[in-house]
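Peer 1: based on what follows, work out the 3D shape:
(one chain, ligands or ions: 1)
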Amino acid sequence: MQDTLTKKIFDVDEVRRDFPILNREIEGKPLVYLDNAATSQKPVSVIDAISDYYSRYNANIHRGVYSISMEASAAYENARINVKEFINAASEKEIIFTRGTTEAINLAAYSYGFRNVQEGSEVIVSELEHHANIVPWQVLCLNKNAALKVVPVNEKGELDIEEYKKLLSDKTAIVAVSHISNSLGTVNPVKEIVKIAKAKNPKIAVLIDGAQAIHHTRVDVRDIGADFYAFSGHKMYGPMGIGVLYGRESLLEAMPPYQTGGDMISRVSFEGTTYNELPMKFEAGTPNVEGAVGLNAAIEYIKSIGFDAIEEQERMLLKHATEEILNIEDVRIIGTSENKASVLSFVVNGLNALDIGIMLDTHGVAVRTGQHCTEPLMDKLCLPGTVRASFAFYNTKEEVDIFIKALKKTIAILK
Ligand code: PMP
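Peer 2: Numbering: from 1, shown residues only. Okay, the predicted model is just below:
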């Protein structure tokens, strides 16, 4: 679907002009934004779409009989259709708008999990999960007296699939793993993970945390075969405060509401309430219309660039940065899987990651330092944290060089 709209030739300078923030200077130096795994920057088309919504047709949706309310409702529902097509879901009923990945996973854990996990059941996560894909399952297991099982990672930062197979049992109710690790960049074999679970027992529900994948690679939820797939708008060049839970329709139909209130009901009386149909059953209250409008524009933007160009540029940046950083003494890359997204996590012997991050900022270079919301992974790796540079397609080879030069200077000063 994206291919039909792929841009002619990828020109990074032209693309950068779409992102006003990339012109920022930090203390007289150009901003080199390498924290894309935390959040991405926004193209002017996304910013304009949000501004246009508030300037021309801001109104509450689904209830108004007047023109601008109907326009806002149509924009919100069109965004849902666009998301459905973008991830190749079977129906727009399977697209639930949430605040982001965190809320999407919580929705699945509280609604599906509380109904389907019993005392003695098992839920499987992995060692490289973000806290957002650990804590909701941990809370569920605590409430239900169920057990949380954890797939280990090997020294390269890859999931141990043989151990995963051993963990699956007749008690397994849910498997929840990330598509791409935010800390290490490892791309997990999600299709295989789903297949293995379903071969063990087709009733095992599999949730994929796609927060770090949705903007790097084509995601086809039907091809992956997962029951749930969660992601955030802000990681994919869209606004904050909007995200998606994709859920298989048959599962969503059977699930109880996660939050209750307006819009998610069909009829309310003091004797009882009946719920609205999908997807509204899971969208209580006034939704984030501005977010959906911005997300829609972000999808259009990604389609206009095309995943072939995105992946090629990001692969080039990761390769170049990896080669350059390996030339620096005392640097150790953390996460060395063959199959990595454009995330470069590293430590420098004898130096504190936070100090490195603060010093890099004085060169205009924005990186993330610390545990990256993956404390159990850092514990496993016996690290207090890493420095993480994460690249987007709008980053350039020259920016990687600025980063490497700044890192060398930083190490020279701090050592
Ligand atoms: N999972 C992963 C893998 C992530 O990288 C993130 C964001 N860092 C999340 C979940 C949570 O996303 P959000 O904060 O947008 O809800």
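
Peer 1: and for the residue nearest to residue 324 when sequence neighbours are not counted, the neighbour number?
Peer 2: With CB to CB, 6 or more residues apart in numbering as the criterion, residue 324 has its nearest non-adjacent residue at 4.5 Å, and that residue is residue 404. No exception for glycine: its C-beta is placed from N, CA and C like everyone else's. For residue 404, the count of nearby residues is 19 (other CB atoms under 10 Å).

Peer 1: so who does residue 404 touch?
Peer 2: 321, 324, 325, 328 (CB atoms under 8 Å, 6 or more residues apart in numbering).

Peer 1: confirm the last one sits in a helix?
Peer 2: No. Per DSSP: H, G, I helix; E, B strand; the rest coil, residue 328 lies outside any helix segment and is coil.

Peer 1: do you know the pLDDT at the closest residue to it other than its chain neighbours?
Peer 2: In this structure, residue 328 finds its nearest non-sequential neighbour in residue 408, 6.2 Å apart by CB to CB, 6+ apart. Among the per-residue scores, residue 408 holds a pLDDT of 98.

Peer 1: return the set of buried residues in the host helix or strand of residue 408.
Peer 2: Following DSSP states H and E, one finds residue 408 within helix 397-414. The neighbour-count check on helix 397-414 (16 or more other CB atoms under 10 Å) flags 399, 400, 402, 403, 404, 406, 407, 408, 410, 411 as buried.

Peer 1: just stretch 329-341 next, same as before
Peer 2: 331, 333, 334, 335, 336, 337, 340, 341.

Peer 1: figure out how far that stretch is from the centre of its chain.
Peer 2: 21 Å (CA atoms, centre = their mean, to the nearest Å).

Peer 1: show the end-to-end separation of that stretch, please.
Peer 2: From its first residue to its last, stretch 329-341 covers 24 Å (CA to CA, to the nearest Å).

Peer 1: now what about it, what contacts it?
Peer 2: 156-158, 180-181, 183-187, 212-213, 216-217, 314, 318, 322, 325-326, 343-351, 381, 383, 386, 407, 411, 415.

Peer 1: among those residues, which are within reach of the ligand?
Peer 2: The residues of those that also fall near the ligand, by CB under 6 Å from any ligand atom, are residue 212.

Peer 1: mind giving me the ChimeraX select for the contacts of stretch 329-341, buried ones only?
Peer 2: Remark: buried members of these, expressed as a ChimeraX selection using 16+ other CB under 10 Å:
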select :157,158,180,181,183,184,185,186,187,212,213,216,217,314,318,322,325,343,344,345,346,347,348,351,381,383,386,407,411
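
Peer 1: how about residue 118, secondary structure?
Peer 2: coil.

Peer 1: confirm residue 315 sits in a strand?
Peer 2: No. Residue 315 sits outside any strand when classified using three-state DSSP, being helix.

Peer 1: does it touch residue 342 like I think?
Peer 2: Yes. Counting by CB atoms under 8 Å, residue 315 touches residue 342, with 7.2 Å between them.

Peer 1: which of these two has more neighbours?
Peer 2: Comparing residue 315 with residue 342 by other CB under 10 Å, the one with more neighbours is residue 342, at 27 against 15.

Peer 1: list the contacts of that one.
Peer 2: Contacts of residue 342 by CB under 8 Å, 6+ apart are 36, 185, 216, 314, 315, 317, 318, 390, 391, 392.

Peer 1: what residues are up against the closest residue to the last one other than its chain neighbours?
Peer 2: Among residues not flanking residue 392 along the chain, residue 36 sits closest, at 4.1 Å (CB to CB, 6+ apart). If a contact means CB under 8 Å, 6+ apart, then residue 36 has 235, 342, 390, 391, 392, 395 as its contacts.

Peer 1: which residues of the protein lie near the ligand?
Peer 2: 100-102, 130, 132-133, 178, 182, 209, 211-212, 232, 234, 373.

Peer 1: could you rerun that using 8 Å?
Peer 2: 37-39, 99-105, 129-133, 178-182, 209, 211-212, 230, 232, 234-235, 240, 243, 372-373 (CB under 8 Å from any ligand atom).

Peer 1: identify those among the residues you listed that sit within helices.
Peer 2: 101, 102, 103, 104, 105 (DSSP state H).

Peer 1: by neighbour count, which of those residues wins?
Peer 2: residue 104 (30 neighbours).

Peer 1: what kind of secondary structure is residue 387 in?
Peer 2: strand.

Peer 1: and the closest residue to the ligand within the stretch 251-400 of the chain, how far is that from residue 207?
Peer 2: Nearest residue of the stretch 251-400 of the chain to the ligand: residue 373, at 5.8 Å (CB to the nearest ligand atom). Relative to residue 207, residue 373 is positioned 17 Å away (CB to CB, to the nearest Å).

Peer 1: look at the two and report which has more neighbours.
Peer 2: When neighbours are counted by other CB under 10 Å, residue 207 comes out ahead of the other of residue 373 and residue 207, with 30 against 18.

Peer 1: can you give the contact residues for stretch 353-361?
Peer 2: For stretch 353-361, using CB under 8 Å, 6+ apart, the contacting residues are 26, 347-348, 366-370, 384-387, 403, 406-407, 409-411, 413-414.

Peer 1: all set, thanks.
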